[in-house]
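S.K.: Fold the following, please.
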Amino acid sequence: MEKKFLSLFLLMSLVGLSARAQFSRLDKYPNIPAQYDAAFVDYVKDFASGVAKTPSGQYFGQITRERNVYGFGAYYTDTDGIIYGQYRLGNFLFGIKMGTLTAKVGSDDHFICYDLTTGNPLYIMKDGDKYSLPADYEKTYRFESLTYQNGDKYVGETVNGRREGLGIYYYNNGNYYYGRYKNNERRGFGALFFTNNTITIQYWKDENE
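M.R.: Below you'll find the model as predicted:
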């Protein structure tokens, strides 16, 4: 009886681990609760925007009075390409790392990697482990560059060809917007970057709220 109970316990444990691994693979990147995003914005909303040069490259975005990189910004680096997203005390928190061949969307510890030559998702990294993708991911999720008739362009995540996930919308006047999208519409907090080196944080409400 004890051996049978032990075998059953081990089997249940393995099933639990398998379920957790599958769940991890299905999470492209951390799902940040809306209240956390709101608390971050409340803290950084009054920070000025500016340009900061560092040994790794040049940053354009929000900066504290002490000249610390803090808030929404775009970091033009020598190693990781352009990094759009949110920063705290000079450290990248969440966003898009767009290199020449791949785009990594999420945080440093948990992100999905896309192939920029095809737009296809490649894998998910979480806590140092690489996860393969479910079969339907390649058919559903992509990272694309979409150009519109008015000259505007969107570069970012799509679902079935529609803007959904994180992305950057470039206006033909040189301004651009970074944030989340759902069903082609902006959702939640994002930042509008102007050519005069100013930034406006915006909030886009879900129609179901």
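
S.K.: neighbours of Gly50, just the number please.
M.R.: 16 (other Cβ atoms under 10 Å). Where you see a C-beta, it was placed from the backbone N, CA and C, and this is true even at glycine.

S.K.: swap that for Ile82, sorry
M.R.: By other Cβ under 10 Å, 15 other residues sit near Ile82.

S.K.: Now do the helices in this protein.
M.R.: With helices called from DSSP state H, the chain shows them at 2-26, 34-44, 137-140.

S.K.: Isn't Lys45 up against Tyr203?
M.R.: No. Lys45 lies out of contact with Tyr203 (Cβ atoms under 8 Å); the separation is 10.4 Å.

S.K.: Distance check, Phe92 against Ala74.
M.R.: Phe92 sits 11 Å away from Ala74, going by Cβ to Cβ, to the nearest Å.

S.K.: which of these two has more neighbours?
M.R.: Between Phe92 and Ala74, counted using other Cβ under 10 Å, Ala74 has the larger neighbour count: 22 against 19.

S.K.: beta partners for that one?
M.R.: Counting by DSSP bridges, Ala74 is bridged to Phe60, Tyr84.

S.K.: my read: it touches Gln58, true?
M.R.: No. Assessed by Cβ under 8 Å, Ala74 is found out of contact with Gln58, at 9.2 Å.

S.K.: sorry, back to before: between the helices of the chain, which gets the lowest average pLDDT?
M.R.: Note on these: lowest mean pLDDT is at helix 2-26, with a mean of 41.
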